[in-house]
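In: no sequence for this one, just the structure:
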(Lines give C-alpha, C1' and ligand atoms only; values in the text may rest on other atoms or scores of the structure.)
Protein backbone atom coordinates (compact mmCIF):
# COMPACT_ATOMS: atom_id res chain seq x y z
CA UNK A 1 0.00 0.00 0.00
CA UNK A 2 1.04 3.57 -0.54
CA UNK A 3 2.16 5.77 2.32
CA UNK A 4 3.32 9.34 2.58
CA UNK A 5 5.75 10.55 5.19
CA UNK A 6 6.25 14.16 6.13
CA UNK A 7 8.54 15.59 8.76
CA UNK A 8 9.00 17.22 11.14
CA UNK A 9 5.54 17.40 12.68
CA UNK A 10 6.23 20.74 14.36
CA UNK A 11 8.95 23.32 13.84
CA UNK A 12 9.72 26.62 15.49
CA UNK A 13 12.17 28.79 13.59
CA UNK A 14 13.43 32.36 14.03
CA UNK A 15 12.83 34.95 11.34
CA UNK A 16 15.63 34.89 8.79
CA UNK A 17 16.58 31.28 9.36
CA UNK A 18 16.51 28.66 6.57
CA UNK A 19 13.84 26.00 6.15
CA UNK A 20 13.79 22.48 4.80
CA UNK A 21 10.71 20.28 4.96
CA UNK A 22 10.86 16.83 3.46
CA UNK A 23 8.19 14.53 2.11
CA UNK A 24 8.56 11.00 0.77
CA UNK A 25 6.05 8.63 -0.78
CA UNK A 26 6.30 4.86 -0.66
CA UNK A 27 4.54 2.14 -2.58
CA UNK A 28 4.01 3.97 -5.86
CA UNK A 29 6.03 5.25 -8.80
CA UNK A 30 5.93 8.53 -10.68
CA UNK A 31 3.43 10.25 -8.40
CA UNK A 32 2.30 13.81 -8.81
CA UNK A 33 3.53 15.66 -5.71
CA UNK A 34 2.15 18.77 -4.08
CA UNK A 35 2.91 21.24 -1.32
CA UNK A 36 -0.04 23.02 0.26
CA UNK A 37 -0.13 25.62 3.01
CA UNK A 38 -3.05 25.92 5.36
CA UNK A 39 -3.49 29.22 7.17
CA UNK A 40 -6.23 29.71 9.72
CA UNK A 41 -9.48 30.60 8.01
CA UNK A 42 -7.93 30.56 4.56
CA UNK A 43 -8.27 26.99 3.46
CA UNK A 44 -5.64 25.08 1.56
CA UNK A 45 -3.41 27.04 -0.76
CA UNK A 46 -1.45 25.16 -3.41
CA UNK A 47 2.17 26.28 -3.33
CA UNK A 48 3.98 23.90 -5.69
CA UNK A 49 3.31 20.79 -7.69
CA UNK A 50 5.53 18.40 -9.58
CA UNK A 51 4.82 15.81 -12.25
CA UNK A 52 8.38 14.43 -12.33
CA UNK A 53 11.96 14.70 -11.13
CA UNK A 54 13.19 18.26 -11.46
CA UNK A 55 9.81 19.48 -12.76
CA UNK A 56 8.37 22.07 -10.39
CA UNK A 57 5.48 24.44 -10.97
CA UNK A 58 4.94 27.34 -8.63
CA UNK A 59 1.43 28.54 -8.01
CA UNK A 60 2.10 31.71 -6.06
CA UNK A 61 5.09 34.04 -5.82
CA UNK A 62 6.60 33.71 -2.40
CA UNK A 63 9.62 33.26 -0.21
CA UNK A 64 9.62 29.50 -0.68
CA UNK A 65 11.00 27.06 -3.23
CA UNK A 66 10.52 23.37 -3.92
CA UNK A 67 12.69 20.63 -5.33
CA UNK A 68 12.19 17.04 -6.38
CA UNK A 69 15.59 15.36 -6.36
CA UNK A 70 14.16 11.85 -6.55
CA UNK A 71 10.96 10.35 -7.93
CA UNK A 72 9.26 10.04 -4.56
CA UNK A 73 10.91 12.87 -2.63
CA UNK A 74 9.64 16.42 -2.45
CA UNK A 75 11.37 19.17 -0.49
CA UNK A 76 10.10 22.60 0.51
CA UNK A 77 12.78 25.16 1.28
CA UNK A 78 13.42 28.74 2.18
CA UNK A 79 16.68 30.65 2.50
CA UNK A 80 15.27 33.19 4.93
CA UNK A 81 11.97 32.67 6.72
CA UNK A 82 9.46 35.48 7.17
CA UNK A 83 6.82 35.81 9.87
CA UNK A 84 4.21 35.33 7.15
CA UNK A 85 5.61 31.88 6.37
CA UNK A 86 4.02 30.50 9.54
CA UNK A 87 1.34 27.93 8.87
CA UNK A 88 0.47 24.28 8.50
CA UNK A 89 2.31 22.76 5.53
CA UNK A 90 0.93 19.69 3.86
CA UNK A 91 2.55 17.42 1.33
CA UNK A 92 0.29 15.37 -0.91
CA UNK A 93 0.45 12.95 -3.81
CA UNK A 94 -1.80 11.65 -6.54
CA UNK A 95 -1.27 8.98 -9.20
CA UNK A 96 0.45 10.32 -12.30
CA UNK A 97 -1.60 10.84 -15.39
CA UNK A 98 -4.98 11.35 -13.81
CA UNK A 99 -6.97 13.94 -15.68
CA UNK A 100 -9.20 14.17 -12.66
CA UNK A 101 -7.59 13.89 -9.28
CA UNK A 102 -9.67 11.01 -8.06
CA UNK A 103 -7.85 10.99 -4.81
CA UNK A 104 -5.32 13.36 -3.32
CA UNK A 105 -3.47 11.73 -0.43
CA UNK A 106 -2.14 14.07 2.22
CA UNK A 107 0.66 13.69 4.72
CA UNK A 108 0.11 14.51 8.37
CA UNK A 109 1.50 18.01 7.99
CA UNK A 110 4.14 20.25 9.57
CA UNK A 111 3.10 23.07 11.86
CA UNK A 112 5.65 25.83 11.26
CA UNK A 113 5.89 28.77 13.62
CA UNK A 114 8.22 31.59 12.64
CA UNK A 115 9.03 33.85 15.59
CA UNK B 1 -12.14 32.55 -11.52
CA UNK B 2 -10.15 29.80 -9.81
CA UNK B 3 -11.82 30.39 -6.46
CA UNK B 4 -14.16 28.08 -4.64
CA UNK B 5 -16.18 29.92 -2.00
CA UNK B 6 -17.31 27.94 1.02
CA UNK B 7 -19.78 28.77 3.77
CA UNK B 8 -20.29 28.88 6.67
CA UNK B 9 -16.86 29.24 8.27
CA UNK B 10 -18.07 27.41 11.35
CA UNK B 11 -21.13 25.35 12.19
CA UNK B 12 -22.49 23.99 15.45
CA UNK B 13 -25.02 21.18 15.30
CA UNK B 14 -26.68 19.01 17.90
CA UNK B 15 -26.20 15.27 17.77
CA UNK B 16 -28.71 13.76 15.37
CA UNK B 17 -29.16 16.97 13.43
CA UNK B 18 -28.36 17.75 9.80
CA UNK B 19 -25.17 19.61 8.93
CA UNK B 20 -25.15 21.54 5.66
CA UNK B 21 -22.09 23.13 4.09
CA UNK B 22 -22.27 25.07 0.85
CA UNK B 23 -19.79 25.85 -1.90
CA UNK B 24 -19.91 27.95 -5.05
CA UNK B 25 -17.53 28.18 -7.99
CA UNK B 26 -17.01 30.37 -11.04
CA UNK B 27 -14.76 28.35 -13.32
CA UNK B 28 -16.94 26.44 -15.78
CA UNK B 29 -13.98 24.17 -16.56
CA UNK B 30 -14.38 22.57 -13.14
CA UNK B 31 -16.02 19.19 -13.48
CA UNK B 32 -14.97 17.20 -10.44
CA UNK B 33 -16.07 18.19 -6.95
CA UNK B 34 -14.71 16.35 -3.91
CA UNK B 35 -15.16 16.97 -0.21
CA UNK B 36 -12.32 16.43 2.24
CA UNK B 37 -12.52 15.89 5.99
CA UNK B 38 -9.72 16.97 8.30
CA UNK B 39 -9.28 16.15 11.97
CA UNK B 40 -7.03 18.33 14.15
CA UNK B 41 -3.33 17.80 13.53
CA UNK B 42 -3.96 15.57 10.52
CA UNK B 43 -3.98 15.98 6.79
CA UNK B 44 -7.33 16.10 4.95
CA UNK B 45 -8.80 12.87 3.64
CA UNK B 46 -11.24 12.36 0.77
CA UNK B 47 -14.79 11.94 2.04
CA UNK B 48 -17.02 11.90 -1.02
CA UNK B 49 -16.95 13.31 -4.55
CA UNK B 50 -19.32 14.07 -7.41
CA UNK B 51 -19.19 14.79 -11.14
CA UNK B 52 -21.71 17.14 -12.78
CA UNK B 53 -23.46 14.38 -14.71
CA UNK B 54 -25.49 13.65 -11.57
CA UNK B 55 -27.29 16.01 -9.21
CA UNK B 56 -26.82 14.00 -6.06
CA UNK B 57 -24.52 11.37 -4.62
CA UNK B 58 -25.04 9.61 -1.32
CA UNK B 59 -22.61 7.54 0.72
CA UNK B 60 -23.96 6.51 4.08
CA UNK B 61 -24.87 9.62 6.06
CA UNK B 62 -23.04 11.91 3.63
CA UNK B 63 -24.73 13.39 0.56
CA UNK B 64 -23.47 15.81 -2.07
CA UNK B 65 -26.08 17.90 -3.88
CA UNK B 66 -24.96 19.55 -7.10
CA UNK B 67 -26.60 22.38 -9.03
CA UNK B 68 -24.74 22.87 -12.29
CA UNK B 69 -26.73 25.88 -13.51
CA UNK B 70 -26.15 27.74 -10.25
CA UNK B 71 -22.54 26.50 -10.03
CA UNK B 72 -23.14 25.43 -6.46
CA UNK B 73 -22.71 22.20 -4.52
CA UNK B 74 -23.28 21.26 -0.93
CA UNK B 75 -22.49 18.58 1.62
CA UNK B 76 -25.25 17.25 3.85
CA UNK B 77 -24.41 15.17 6.90
CA UNK B 78 -27.47 13.38 8.19
CA UNK B 79 -27.78 12.24 11.80
CA UNK B 80 -24.64 14.18 12.70
CA UNK B 81 -22.45 12.60 15.36
CA UNK B 82 -19.77 14.02 17.69
CA UNK B 83 -17.23 11.97 15.72
CA UNK B 84 -18.09 14.06 12.66
CA UNK B 85 -16.60 17.12 14.36
CA UNK B 86 -13.84 18.17 11.99
CA UNK B 87 -12.96 20.72 9.34
CA UNK B 88 -14.58 20.11 5.98
CA UNK B 89 -13.21 21.40 2.69
CA UNK B 90 -14.94 21.47 -0.63
CA UNK B 91 -12.74 21.42 -3.71
CA UNK B 92 -12.89 21.44 -7.48
CA UNK B 93 -10.74 20.43 -10.40
CA UNK B 94 -11.08 20.22 -14.14
CA UNK B 95 -9.81 18.29 -17.12
CA UNK B 96 -8.46 21.24 -18.98
CA UNK B 97 -6.89 24.65 -18.86
CA UNK B 98 -5.14 25.94 -15.79
CA UNK B 99 -7.22 23.74 -13.53
CA UNK B 100 -5.77 20.57 -15.05
CA UNK B 101 -4.49 18.11 -12.50
CA UNK B 102 -4.96 20.48 -9.58
CA UNK B 103 -7.49 20.84 -6.82
CA UNK B 104 -8.74 24.24 -5.75
CA UNK B 105 -10.01 24.20 -2.18
CA UNK B 106 -12.62 26.23 -0.37
CA UNK B 107 -11.78 28.04 2.85
CA UNK B 108 -13.02 25.24 5.09
CA UNK B 109 -15.85 24.83 7.60
CA UNK B 110 -15.23 23.90 11.21
CA UNK B 111 -18.06 21.58 12.23
CA UNK B 112 -18.78 20.95 15.89
CA UNK B 113 -21.40 18.36 16.81
CA UNK B 114 -22.55 18.61 20.41
CA UNK B 115 -23.60 15.43 22.20
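Out: Arrived safely. Computed from a prediction, not measured in an experiment: that's the story for all the values here.

In: Each with direction, which strands does the one helix or strand residue B:37 maps to pair with?
Out: Residue B:37 belongs to strand B:30-38 when assigned by DSSP states H and E. Strand B:30-38 has these partner strands in its sheet, going by DSSP bridges: strand B:45-50 (antiparallel), strand B:86-94 (antiparallel).

In: remind me which residues of chain B are low pLDDT?
Out: Within chain B, the ranges that satisfy pLDDT under 70 run B:1-2, B:95-101.

In: any chance you could map the strands in it?
Out: Here chain B has its strands, by DSSP state E, at B:4-7, B:10-14, B:19-25, B:30-38, B:45-50, B:56-59, B:62-67, B:72-77, B:86-94, B:104-105, B:109-114.

In: which one of those strands lies closest to residue A:10?
Out: When the strands of chain B are compared by CB to CB, strand B:30-38 sits nearest residue A:10, at 16.9 Å. (Each C-beta comes from the backbone N, C-alpha and C, glycine too.)

In: Not counting sequence-adjacent ones, nearest residue to the residue of chain B found nearest chain A?
Out: Chain B approaches chain A most closely through residue B:43 (2.9 Å), counting by CB to the nearest CB. Distance criterion CB to CB, 6 or more residues apart in numbering or on different chains; nearest residue to residue B:43, sequence neighbours excluded, is residue A:106 at 2.9 Å.

In: wait, what's in contact with residue B:114?
Out: B:12-15, B:82 (CB atoms under 8 Å, 6 or more residues apart in numbering or on different chains).

In: So what sits opposite it in the bridge?
Out: Taking DSSP bridges as the rule, residue B:114 bridges to residue B:14.
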